[in-house]
Each structure stands twice: as C-alpha cells, then as structure tokens.
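> sequence unknown, structure follows:
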RNA sequence: CGAGUAGGUCGGGCAGUCGCGUGCGUCUAUGCCGAAAGGUGACGUAUGAGGAAAGUCCGAGCUCCAUAGGGCAAGGAUAACGGGUAACGCCCGCCGAAGGCGACUUCAGGAAAAGUGCAACAGAGAUAUACCGCCUCGAAAGCUAUUGCUUUGGUGUCAAGUUGAUGAAUUGUCGCUUGCUUUUUUCAAACCCGGCGAAAGCCUGCUUUCGCCGGAAGAGGAGGAGCAGCGACAAACAUGAGGCUUGUCGCUUUAGCGGCAAGUUGAUAAAUUGUCGCUUGCUCCGACGAGGUAAGGGUGGAAACGUGAGGUAAGAGCUCACGGGUGAGCAGGGAACUGUCUCAUCCUGCAAACUCUAUCCGGAGCAACACCGUAUAGGAGGACAUCAAGGCUGGCCCGGCUGUCCUCGGGUAGGUGGCUAAAGCGCCGUGGCAACACGUCGCGUAGAUAGAUGACUGUCCAAGACAGAACUCGGCUUACAGACCUGCUCGCAAC
RNA sequence: GCGCUGUUAGCUCAGCUGGAUAGAGCGUGUGGCUACGGACCACAAGGUCGGGGAUUCGAAUUCUCCACAGCGCG
C-alpha cells in the first residue's frame, strides 16, 4: 500500500464519525472525508461484537486485502474508516470486496472508468 | 473379533503469483520529516502463532516501593504419609474409604475424647428427656372376719385451633407389602449339651484347642391365609357427607366390626353463620404424693453399640459370652497404616458451622521500571533592570508580585531500552518402581506497539475442530473435527 | 494487566445466618359487578431458582468448575 497510511489517533476517528459522509450495508459501514494531501488514510474498526480474537483478525485482514487490491481505482486525498458489522464474520472474501466497491461508489470515491 | 480402560504423538500436505512484520547484507535514498531524541526507501536473503497462545485459578523469575533483624495479633491459603521440584494448592509412589466382574477410577482425606453451636417436620425424647408405661414406699377411699384385694379422677351453653364438593364414607378392579393376627414349612449366627476323631500339655487320665456328626434352644429372615392400612383407576353420591381423634354401648376366638344431630342465603362458583367431635389452655369441685428405672411405645437420616443369658422391686454394659467402633500399649513397617495380641472405653451426625492444631504468605505490577526530553505552564538559586508607564493587593502611602538572562532539579505529550538464550528443546546412556536427577552430542527457533500469517489458482486425502503471542517460565482448569501408536482388562471363537 | 458485582414467574424485585408446598407487586386468563367498558371483588395458570459437580438426612441458600451480563482502577 504505497500511497496509503493508517489512521491511529482517536481524534481522527472521532472527526470522521462526526463530519464524514457515511454509507452502510449489512456487512460494512464506511465513513469518508476529503483531506488536503495527495495520499489516502484508512482506518479499520472491528468491535468485540463481531467475534473472538481470531475471527476479528480474519475480518480485518480481508478488509485490508480488499482495499489493497483495489487501491489504484480510488481517488486520492481521502480519509476513510471502514467498520465491520456482525455479518462480516460469516461472509466470504469476495462478498466483502463487492460490498466495499459498492459503498465507495455510492460515496463517489472511485475514479471514473474510461469506457 | 467385540467391548472397555490408562497413557502418548499429530492438529491438513505440496506447488505457483501478489502482499505484510522482523533480523542480516548491499546501495552516494548522504535525500526527506522532526526543535531534539529519533524515524523513514529499494533490492537480495533468512525467518514468522498454540496444544491449549484462552480462563486468570495457583506458584516463581524480573522491576520498583516499604522494611535493621525477629516476634505477636488480624486476614488469607493449604491439610493422610513419603518423595520430586527453583517453587507450588502441581506431579509421582503408597495408605485408607467409596464405586466397578476386572484393567482402573474418584475423594477439601487433620481434630467431634478441648470447648461452643446446629439437627426443621414427625416423635414421649435429638445429646439428652421422664409424657405414657413398669416398680418401690407412704397416704386416702371402697370391699373383706383377717392376711389381703381393687381404685386414686371428673366437670363446664368458657376461649382458641383443625380436615372435607380440588369429591369423603361406600362398592368394584389392580398394585404395594407398611402394621397386626393365625398357621405351616424352610433357612439360620453366637452361646449350651452329647458322641467320635486329631493335636498339645502334664499330675497318665484328665484338661485345653481344633474338626466332624447329632440334639436342644430358636433372636431374626423367607413363604401361605386372613384383617387393617396406603396408592392408582372407575362407579355411584347435588334426591348430597362425612373423616381424623376421643368416649360409650353392643357383637366377636384374635386382628377387628357396627351404632350414636339438624339447618340458612345463593342458579353455579366464591362467601357467611350454626352444630358435633377432638387437642391445648383456663375455671370450679375432688379422694395423691415422694422416689427408682431407661426393657417397651407407630416417628425419624440418626434414639445412650448389636444379640443372647445372668441379675433385679422393676430395670440398666450392672455383669458375662460372642461381634463391632474408639483410645493407649505391644509387634511389624521409613511413615501414613496394619493386627485371630493386651488393657481401657466418655461409642449419633455436621468442622464446604464457629473453633483448635500444623505449615506458608510484605505490597504492586512491563501501562512495572530505566534513559533522552521540545514549546507552553510551573519550582529553586543567582545576575541585571526596578528611571518611567500599566495591572493586581490596598481607603492612601510604603512594600510585595508581574520583566530579561543564566544555572539546577523534577517531569507531561513523544521517543528509545526493557524484548527474548530460557529453571530452553531433542536423541542416547546411567541411577530411580515412578515423578525426576546427572552426563555426552546436536539444535539453539516470532518479538509487534492501532498491534505482522492474508488473498487467488492448481492438486492429494481422512475434507480440516477448538481457536490468534503482547515481559517470561512451571502447573491447573476449560474448549476441541478427527487420525495414529503403546500397555492392560473382560467376553467369545479357533489352535 | 489487576479487581468487583449480578443471574429467582412474561416484567420489576424479596427470600440467601441451610428445613422441604419458593413469595410480593404489575401483567395474563376465568368468573362476578355493569346496559357496555374502566375501576373494584374472588379464583387460577405461569418457576430446570443461569448450567455441571460436590458437602449434608436435606441446597435457591455452603464449596467448586463453567456460561452470560454489567461495572471499576491503571
């Protein structure tokens, strides 16, 4: 993930929840906001409601992978928090990838595809 | 072959592409970010979650705080005995108890004879009782010529409580076998008697012990018949009711059986009143007090150890025989413990009730702790300024604070260390029943800090369960698809 | 990392220093009352006392191992 760093401070998360645009599906929830730099920042949240430690780890890794593979198709200069919901523990990797693309498209974060 | 029991090993494999953490090496990235400490890239190479990483139930290392050293109290933990270990509440062996045909499994398994407490209901009585009963002594009443024998309690328009339409009593069927009666048969411990045989002892014909046979006695157990009781179901009862308990009368060979009042409101249900009987208390009258006893008395988890005999006024481990428990001695064993021994005997259970005995425990935790440490705020000391102006304190004046620079110490955000070589793992050998210890050789194997293992494709099979390191070890507990190996036990079959 | 509390009827709570049929209020059902409904009166149903094991004659209560829920400190 060359052009991306992770969000670490609690303040950044708070700001996104409060002021970011959101989009929700049964599997994921995404909060996003433009920043003024040329790189993206991403934060992944998986709460204890989702499952025990190994389940949470698996969900987080799948979300990371789904973002990494599709990184080039995102716009630049975005802060984004991806929250895993309870269903995310049950579905496959492909489902998560599909949901991620669907939600980001709704928010208008994807680059226009040249037809 | 089947069933079981104890222990151990493994916990998807292989290949390819992309991606992540860490170590090492190379590269003018000698660049960039930051005030500093420090952080940051590309390529190559090596390596990268568990048997429980979990729960946090114990024990240690390590770090800081407290503490001269030791003891007592409080609080907590552990609990047969011996050993292992750095230590433990863990492990091994062994003893005892319980369960299992057995291999084997389970046990908070010290003290109830130091003391306190608890044991509902039922029951006369619950750790000691005296209600009934039995017996003695005296008293009174009645009968009798006397010795003597019999009896020693009733009563009330008093008060309170109690079951029944949620179906009583009755009848029928089935079941239980709780109590009692009777009868017959059978089994039967110890004690007692007789006979035969054997052994031992001496006083040489007796004693003791053991075995066999028979007799007597017959606690107790089993069976049959009957009576009562209890439970279930059904019938009948609304044209309807009593039961339990107690008393009295009658009948019967026994257990036992039978008889002994009536209404109101209301459709029903609910409800109210009355009556009868019983128990306890109270009132009145009257002709009974003192003591002994723990055999018997339907209960209960448990009733002064059980059975029999003697003994006694009646009785009692009061005495004796047999059998059990506990304590002390003796013998065996390293100890718990064991015993055809001796003596004593205060003989219910509960200590996961208080308590007593023995042993152990200072507290907190890697977000510990150490180092570096900016701006701002703030502490201590020193130097300069305090001419002037402003602000605060103050009614006013004086005084103090508020300024700049330097030094010192603490220390927030942040960063680095702590951080992985450790009471380490594996093979073999020696000692030991074992846990384990010692020795040789080899390996030495994650270290993040918003927290690294994922995705896709192919292939094989038994089709992949429980589950993710966060300072580190030793245990325990809990979760877990399956696969494999070893020892042992029981049953069946064949040789 | 270190600690604490709770779980009882559909809901909210008693009972916890062992003693047998586990209670109360609200709610639910049935009947009465009323022309009808509410209120009121009476009755009833509804409980693996979070789960397993142990101690005891006897466990909701004591001990222990789990599960779930909630809270605190750094």
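Nice, I can see it. From a predicted model like this one, the values you see are computed outputs, not experimental measurements.
> which bits of chain A sit near RNA strand B?
Where proximity means C-beta under 7 Å from any atom of the strand, the interface of chain A facing RNA strand B comprises A:1-2, A:6-8, A:10, A:13, A:43, A:45, A:52-55, A:57-58, A:60-62, A:64-65, A:68-69, A:92-94. In short, each C-beta sits where N, CA and C put it, glycine included.
> among those, which are in helices?
When helices are assigned by DSSP state H, the members of those inside them are A:10, A:13, A:53-55, A:57-58, A:60-62, A:64-65, A:68-69, A:93-94.
> quick one: which of those residues is nearest to residue A:29?
Within the set of those, residue A:13 lies nearest residue A:29; the separation is 12.9 Å, counting by C-beta to C-beta.
> hang on, isn't the closest one packed against residue A:81?
Yes - using C-beta atoms under 8 Å, residue A:13 makes contact with residue A:81 at a distance of 6.1 Å.
> any residues in contact with both of those two?
A:7, A:43, A:45 (C-beta atoms under 8 Å, 6 or more residues apart in numbering).
> now, which of the residues you listed sits nearest residue A:29?
Taking C-beta to C-beta as the measure, residue A:29 sits nearest to residue A:45 out of the shared contacts of residue A:13 and residue A:81, at 8.9 Å.
> Run a quick neighbour tally on the residue nearest to that closest one when sequence neighbours are not counted.
Leaving out its chain neighbours, the residue that sits closest to residue A:45 by C-beta to C-beta, 6 or more residues apart in numbering is residue A:83, at 4.7 Å. One way to gauge burial is a neighbour count; for residue A:83, by other C-beta atoms under 10 Å, it gives 20.
> Tell me the bridge partners for the residue nearest to the spatial centre of chain A.
Nearest to the centroid of the C-alpha atoms of chain A, with distances taken as C-alpha atoms, centre = their mean, sits residue A:82, at 3.3 Å. Counting by DSSP bridges, residue A:82 forms beta bridges with residue A:30, residue A:44.
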